[in-house]
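Peer 1: Next input, structure requested:
(2 chains)
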Amino acid sequence: MIIQGLTFYMFAFIAIAAGVMVVSAKNPVHSVLFLILAFFNSAGLFVLMGAEFLAMLLVVVYVGAVAVLFMFVVMMLDINFVELRQGFLKYLPVGAVAGLVLVVELIVVVGGWHLSPEALKTAASPIPENVTNTHALGAIIYTDYIFLFQAAGMVLLIAMIGAIVLTHRKRSGVKKQRIADQLARKPEDTLEIIDVESGRGI
Amino acid sequence: MTEIPNMVPVIPEIFVAVIGMALLMLGVFQKAADDATEVKTAHLVSRLGMISLVLTMMLVATVAGSTFNTFSGMFVSDPFAVYFKILILFASALTLAISHNYMENQGIARFEYTVLVIFATLGMMIMISASNLMSLYLGLEMQSLSLYVIATFNRDDERSTEAGLKYFVLGAVASGMLLYGSSLVYGFSGTTDFQMLGNMFDGDHAPDASLGLIVGIVFILAGLSFKVSAVPFHMWTPDVYEGAPTPVTAFFSVGPKIAAIALFIRVMVGPFGDLVQHWQQIIVLISVASMLLGAFAAINQTNIKRMMAYSSIGHVGYALIGLVVANEAGVRGIMIYMAVYLFMNIGAFACILTMRRAGRMVEKISDLSGLSKTHPMVAAALAIFMFSMAGIPPLAGFFSKLYIFFAAVESGFFALAIIGVLSSVVGAFYYLRIIKVVYFDPPDETLDTPIDRNLGYVIFGTALIVVLFFAFPGIIIDGASAAAAAMFTK
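Peer 2: Numbering: from 1, shown residues only, chains lettered A, B, ... in the order given. Here you go, the predicted model:
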């Protein structure tokens, strides 16, 4: 029990500390790396709760895809982060008040939270016993929810078609690399040997 | 283990999905060596798409009959769904027919357009057949994603890009609201299945509905209002309608709207039908506001696509009266209204698509002057559509309004009916103004002749339906009656 408690505090503390570092780190690349650390620790928290499938998803989807995407954006866009950070102190009091309100609201909500008795009675897929939740999810997602699974696949296909349609088009003034042309280039086409008299220039 | 779900009711959807993917493959593997072959491929795919949509219509009619629930209650096929699916398929097929020429002229004839229209149709069909909040959401998203892309299909045009971006951002907000509402409903009831939700509030249990659930219903309502562009969630409509390519605007004004109205009925009358006293006032407000805004805001417009946007907001207001009534007559009224609205609107947009001057599209209302001299047939058809939208007998638009107003009066919603009649009088002003411009204003410059053959067919066909509705009303009204009856027998 005590080990479980200690592990929880370790994961929780590192996750929060990493979250703070994401917003306060000077270098945006460091921010993304801290974000990945936060994701990993949240995944640890999920494992502690017995939701190992969610933990796996968090690592695969968020660390594997989203964080890498962020990294691309950060490295490709030329954003002046110092400029973005200006006025941080000016807006700090307002932000702090908003944060405080949010914390109080969260405490009220969590304090008054209880499961609706009807909800437990009518749950479409009650939590099965003695199976891992990956197994339990797998057992319904390809049977009871196959329709939704396939429909979600179609939505992703449409998203892919859409992204290609919107970005892949003929544009004037775009320079493309033509490897065949590059290989076919001969020195005579581009090089000119000029005998320059010393001290005079061309 | 689990048994295989009954696939028969879903055959039309599977067919549409397979066709969409097959056409995508066809388009991708046709070598697009130059612009000419690209246009040729686009035309081929578009024609095949149209044919398969007609085939799907037949499939839908074949599967029709009694009510089937399949995929553990995710999907339902009943006469209500069949009626709306046929309307949607009409809308998509007609859209493809009127897009043909426009896309080529604008230099954006690409096969992906057809593929996306077909996928949007698939999304709408899933929406209409949804009997679970999850399948509802997936259908809606499938439709919306395809529509965002075709709104900005003319990527080199600034207005088209802007329209797509606006539609995307506001559509995402609407989806967020809908999802939040669904999560509240799920949290307070423990189920997303329409049948189980309906049973929960059956008869005496209606007062049991907790406040959280009502808030959830209100959020779902707001999300759906966005999709039908009802006031106060209409802000995106004029800009998106103006910026999107004209055939896409035609599609927006019918397809997604009809599907979302169907969803409105399905959700409100189905699972939450017994909570009618909780949501009725909201729909009254939305309906009245839409009718009034649609009537008054359209008066000042000079761009015909913007005017049609406001007009469509007004039409949604009239249709929602039927939902306020929330009985069989009301739902039947909506169904007739949407069918007539479909043909009027597609016809009117086909007329707008003929407005070209020296090869370029023009879209100011004043550009229509002299249409009666250069295109007498198109002018006559446009006059028919405008008279019908204004609700002048004996055209179809009159009867569709009549059924809605009758349903309201029968259930004692006199104020609503009176506001409806008054706002349609105001609306008549701007519809009649177009007819005045077409017939009596001196022309500045003439519009191009001749018009595209496909457009001609569509205009002729839809005008014929609008004119002859009073002679053969049975086809639409019988279908609507049967479908509405199915909605209320549990």
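Peer 1: any idea whether the one residue sitting closest to the centre of chain A is helix, strand or coil?
Peer 2: Against the mean C-alpha coordinate of chain A, by Cα atoms, centre = their mean, the closest residue is A:Val66 at 2.6 Å. Under DSSP: H, G, I helix; E, B strand; the rest coil, A:Val66 falls in the helix class.
Peer 1: Would you check that B:Met355 makes contact with B:Ile365?
Peer 2: No. With contact defined as Cβ atoms under 8 Å, B:Met355 does not count as touching B:Ile365 (10.0 Å). In short, each C-beta sits where N, CA and C put it, glycine included.
Peer 1: Which of those two has more residues huddled nearby?
Peer 2: Neighbours per residue, other Cβ atoms under 10 Å in any protein chain shown: of B:Met355 and B:Ile365, the larger number sits with B:Met355, 22 against 19.
Peer 1: Without its sequence neighbours, what residue ends up closest to the more buried one?
Peer 2: Nearest residue to B:Met355, sequence neighbours excluded (Cβ to Cβ, 6 or more residues apart in numbering or on different chains): B:Val362, at 5.2 Å.
Peer 1: Contacts only, for the one you found.
Peer 2: B:355-356, B:447 (Cβ atoms under 8 Å, 6 or more residues apart in numbering or on different chains).
Peer 1: Which single one of those is nearest to chain A?
Peer 2: B:Arg356 (24.0 Å; Cβ to the nearest Cβ).
Peer 1: Show me the beta-bridge partners of the closest one.
Peer 2: Listed beta-bridge partners, B:Arg356: B:Met361 (assigned using DSSP bridges).
Peer 1: can I see the domain layout of chain A?
Peer 2: What automatic domain parsing lists as the domains of chain A is A:1-82, A:91-124, A:127-167.
Peer 1: And these, which one averages the lowest pLDDT?
Peer 2: Mean pLDDT is lowest for domain A:91-124 among those, at a mean of 79.
Peer 1: B:Gln277: what secondary structure?
Peer 2: helix.
Peer 1: Report the separation between it and chain A.
Peer 2: 21 Å (Cβ to the nearest Cβ, to the nearest Å).
Peer 1: Could you report the neighbour count for that residue?
Peer 2: 9.
Peer 1: which residue ranges form the helices in chain A?
Peer 2: A:2-24, A:28-48, A:52-57, A:67-76, A:81-85, A:88-111, A:117-122, A:133-141, A:146-167, A:179-183, A:187-190 (DSSP state H).
Peer 1: hang on, I meant the stretch 1-150 of chain B
Peer 2: Here the stretch 1-150 of chain B has its helices, by DSSP state H, counting those that start in this stretch, at B:11-29, B:35-63, B:79-105, B:112-128, B:133-151.
Peer 1: picking up where we left off before, give me the pLDDT value at the residue nearest to B:Met355.
Peer 2: 82.
Peer 1: do the same with A:Pro187
Peer 2: Looking at A:Pro187, the pLDDT reads 83.
Peer 1: same question, the one 4 residues further on
Peer 2: A:Leu191 is assigned a predicted lDDT (pLDDT) of 85.
Peer 1: In chain B, which helix is the longest?
Peer 2: helix B:158-189.
Peer 1: Which residues belonging to that helix are considered buried?
Peer 2: For helix B:158-189, the neighbour count (16 or more other Cβ atoms under 10 Å in any protein chain shown) marks B:160-164, B:166-168, B:170-171, B:174-175, B:177-182, B:184-186, B:188-189 as buried.
Peer 1: In contact with residue 8, which residues?
Peer 2: Defaulting to chain A. Contacts of A:Phe8 (Cβ under 8 Å, 6+ apart): A:45, A:48.
Peer 1: looking at chain B here, not the other one
Peer 2: B:63, B:68, B:70.
Peer 1: May I see these arranged in a markdown table, with distance to B:Leu122 as well?
Peer 2: Output for the contacts of B:Val8, formatted as a markdown table (distance: Cβ to Cβ, whole Å):
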| residue | distance to B:Leu122 |
| --- | --- |
| B:Val63 | 15 |
| B:Phe68 | 18 |
| B:Thr70 | 17 |
